[in-house]
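[1] I would like to see how this sequence folds:
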Amino acid sequence: MLLALPQHYKGNPLGIIRMWAHECHRTWHDRLIFDVDREAYMNFMRNGIKEFGDFKEEQIFEEPLLYTSYVAMCGGHEATYLPVAEMVALKGTLEAKLEEYNEVVA
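    Down below sits the predicted model:
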């Protein structure tokens with residue numbers, strides 16, 4: 001989250017909340033292996049998002065809930081933490097970098 005630039009989130013509280021939810025998911029939810037634990041985690045998240053005001057759960061957890069600095073950085077821009085709007089863009093970036101890596105290392 002430290003790579004998030006203020007100008008991308010100023011006046012966009014939903015963007016900040018979604019970034020927070022993404023970070024929580026990748027830090028805790030992704031490591032849980034039992035459904036009961038995942039459901040308990042989601043209950044904590046549902047209670048936590050009540051603190052954020054009038055945003056609905058569907059807005060906050062809308063897919064894709066994915067933030068990265070990698071796409072911007074590989075596109076020649078400053079490494080800034082932004083949401084991935086389309087998985088196609090991420091997939092294209094990752095495939096290009098994989099091909100580049102395979103040419104150098106293989």
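
[2] for the rest of this, base every contact and every neighbour count on C-alpha atoms.
    Will do.

[3] now for the chain, the helix or strand with the poorest mean pLDDT.
    helix 70-74 (a mean of 74; mean pLDDT, DSSP states H and E).

[4] state the next helix or strand along the chain beyond it.
    Proceeding N to C from helix 70-74, the next assigned helix or strand is strand 82-83, under DSSP states H and E.

[5] and the helix or strand following that following strand, what does it pack against?
    Sequence order places helix 87-105 as the next helix or strand after strand 82-83, per DSSP H and E. Contact here means 3 or more CA pairs under 8 Å, 6 or more residues apart in numbering; DSSP states H and E; on that basis helix 87-105 packs against helix 70-74.

[6] check what contacts the helix it packs on and list those residues.
    With contact meaning CA atoms under 8 Å, 6 or more residues apart in numbering, helix 70-74 is reached by Glu78, Ala79, Thr80, Leu82, Ala89, Leu90, Thr93.

[7] what stretches of the chain score poorly on pLDDT?
    The chain contains residues with pLDDT under 70 at 106.

[8] let's see it at 90
    For the chain, the stretches with pLDDT under 90 are 1-9, 51-54, 68-82, 84-90, 92-94, 96-97, 100, 105-106.

[9] thinking again about what came up before, next, format the contacts of helix 70-74 as TSV and append distance to Leu14 and neighbour count.
    What follows is the contacts of helix 70-74, written out as TSV (distance: CA to CA, whole Å; neighbours: other CA atoms under 10 Å):
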residue	distance to Leu14	neighbour count
Glu78	23	14
Ala79	21	17
Thr80	17	20
Leu82	13	21
Ala89	22	12
Leu90	22	16
Thr93	26	17
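
[10] about what we covered before: now the least confident helix or strand of the chain: buried residues?
    Of the residues in helix 70-74, Tyr70, Val71, Ala72 count as buried by neighbour count, 16 or more other CA atoms under 10 Å.
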